[in-house]
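Asks: after the sequence you'll find the predicted model.
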Amino acid sequence: MSNDMSAPLLLEEEDRVDAANVTSSSSTVAILGSGDFSRSLSMRLVACGYGVAVGSRCVKRIAPGLFLDAVELSSQEAAVAKAKSLVFMALFPEHYPSLLGLRSALAGKILVDVSNAVEMNSNRPSNAEQLAEMFPDSVVVKGFNTISAWTLQTGAQDGSRQVLLCSDSAEAKHEVAQLARRMGFYPVDVGSLCCAQELERKPLHLFPSWRGPVLTTYLLFFFFYCYGFIRGILLPYIAYGQNSFYRLVFDLVNESLPCVALVSLALVYLPGLFAAWLQLWRGTKYQRFPCWLDAWLLRRKQLGLLSFLCAALHGVYSLCLPLRTITQHRLINAAYSQVKAGVEMPWDEQGVWRTDLYVSSGVLGLGILALLAITSLPSVGNILTWREFTFIQSGLGYAALTLSLMHTLVFGWNFAFSSQTYPFYMPPSYMLAVALPCAVLVCRCFLLLPCVSARLARIRRGWESTRKCPVSQHPRVRVDRTGSQV
Ligand SMILES: NC(=O)C1=CN([C@@H]2O[C@H](COP(=O)(O)OP(=O)(O)OC[C@H]3O[C@@H](n4cnc5c(N)ncnc54)[C@H](OP(=O)(O)O)[C@@H]3O)[C@@H](O)[C@H]2O)C=CC1
Ligand SMILES: [Fe+3]
């Protein structure tokens, strides 16, 4: 039995056929404990046609109307006796020892452990393994712990629909999977009971894969905002006494957002380039990447989505520009001055081109980023072939990076022509922000050179292996005694 958490297996469709054979009379399920989880689970089970017997230490204490009428409320012993085979342990693991008296009654039954861990780094065995040790004549299945009582009540329309299951008994797992499927969930087999620890810790994680990307985005924003403030507001104030602190709330945020979007988009493609360079340098793909590179490669989707968020916010901010008092003030003043002086604004052919190029590249870049974000959704990505997915995420991703870079460069160029207002100020953060994307695009172009890309393709197909990984250690290539490949 596998204990590989990285390759969960969706339990087979055949369960559906078995599920259809379940009748309420033959399939009473017992639930020990009469708390929140028990109440929600019993509601769901009754709705799905199961008979339910809830076992409580004191039935009289259960408030009337708390459970559906169809649910049989009884003592723990009576509930266990009514169960055909499944017994849900809807109580906290510290209370498991109080059930030791039911050991013989529970023998041969499947105990479903729904409990969760309370701390991340405990050295103790999982709750499910402890339960299995306490009841050696029963079979323990870990599952349903990642499903909230609320999701159980609403019938899997809200919240996660996956029920992760693990057990040392394939038959027991199959039976619980069948029940989960009938309740409208997707059972996912994650292996044997030694995976229970990982399952129990799952509810303790809060967006684990987003922590690094969110922190990176936040630090980038902080950096660009501070840099823009010092160069664009503080220095002009010190040097020329020019008070432009009003720019802190809108302009500076709107200038920092595209910088963050551009740099984080470059950070999405940078680890792929590092990986390619590393493979070229090592001359083999049969060596693991350093841990930091592995972690970075795994966070590309999150970085890309955050880049899209910043770009979208920049788009919204830019659309709101005409609503600002300062914009209206400047426009009306300029028009008034021109009318007063009797001069007409000359047609600036180059300026028109620049602005159109700037707006158009920005809109196209944002559009492609939106497409990338949509295809990164599992439901959309699942219907694409690997080739289609790579084309969109890599091919179109580089197109989005190029367009965003062009948008920023043209903006800088535009600004250079209107810099009279801020003699000290040329959007400095923009100049910094374009450096990394430029480097990424240049490296990518180098990898596209025919000789380099052909060598990389040979390495990635496993045809080439050089000095860094001796041929004899190569997993796919064997050498005979004379040293030639066979
Ligand atoms: N609530 C949720 O959304 C989720 C809960 N879970 C898990 O489900 C389990 C139950 O959670 P929940 O229903 O919320 O908890 P509650 O506190 O609401 O209910 C716990 C029940 O345990 C029973 N119990 C049995 N023996 C004892 C004892 N010695 N001392 C105290 N109580 C005892 C009690 O029922 P009685 O008095 O009738 O015997 C009590 O109602 C936990 O392990 C939890 O981690 C998992 C996922 C989600
Ligand atoms: Fe812009």
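Replies: Structure received. Ligands and ions are numbered 1, 2, ... in the order given.
Asks: show me what from the stretch 101-250 of the chain comes close to ligand 1.
Replies: Counting by C-beta under 6 Å from any ligand atom, the residues of the stretch 101-250 of the chain close to ligand 1 are Val114, Ser115, Asn116, Asn145, Ser148, Ala149. C-beta here means a position set from N, CA and C on the backbone, and glycine is covered the same way.
Asks: tell me the pLDDT at the closest residue to ligand 1 within the stretch 251-400 of the chain?
Replies: The minimum distance from the stretch 251-400 of the chain to ligand 1, using C-beta to the nearest ligand atom, falls at Pro378 (23.0 Å). At Pro378, the model reports a pLDDT of 85.
Asks: again with Asp480
Replies: We have a pLDDT of 43 for Asp480.
Asks: paired strands for the helix or strand where Val54 lies, with orientation please.
Replies: Here Val54 sits within strand 51-56, counting by DSSP states H and E. Each strand paired with strand 51-56, and its direction, by DSSP bridges: strand 28-32 (parallel), strand 72-75 (parallel).
Asks: who wins for proximity to ligand 2 among these?
Replies: strand 28-32 (57.4 Å; C-beta to the ion).
Asks: what's the offset of that closest one from the middle of its chain?
Replies: Put simply, strand 28-32 sits 36 Å off its chain's centre (C-alpha atoms, centre = their mean, to the nearest Å).
Asks: could you do stretch 448-466 as well?
Replies: A distance of 31 Å separates the centroid of the chain from that of stretch 448-466, by C-alpha atoms, centre = their mean.
Asks: same question for stretch 305-319.
Replies: Chain-centre distance of stretch 305-319: 19 Å, with C-alpha atoms, centre = their mean.
Asks: longest helix of the chain?
Replies: helix 251-282 (DSSP state H).
Asks: where exactly do the strands run in this structure?
Replies: 9-10, 28-32, 51-56, 72-75, 86-89, 110-113, 139-142, 162-167, 186-189 (DSSP state E).
Asks: hmm, the third one touching ligand 1?
Replies: Yes: for strand 51-56, a contact with ligand 1 is found by C-beta under 6 Å from any ligand atom, at Ser56.
Asks: if we can go back for a sec, quick one: the residue of the stretch 251-400 of the chain closest to ligand 1 from Phe389, how far?
Replies: 11 Å (C-beta to C-beta, to the nearest Å).
Asks: ok, those two, which is more surrounded?
Replies: Neighbours were counted for Pro378 and for Phe389 using other C-beta atoms under 10 Å; Phe389 has more, 16 against 6.
Asks: list the contacts of whichever residue of the stretch 301-450 of the chain sits closest to ligand 2.
Replies: Here the stretch 301-450 of the chain gets closest to ligand 2 at one residue, Gly362, 4.9 Å apart by C-beta to the ion. With contact set as C-beta atoms under 8 Å, 6 or more residues apart in numbering, Gly362 has these partners: Gly315, Ser318, Leu403, Ser404, His407.
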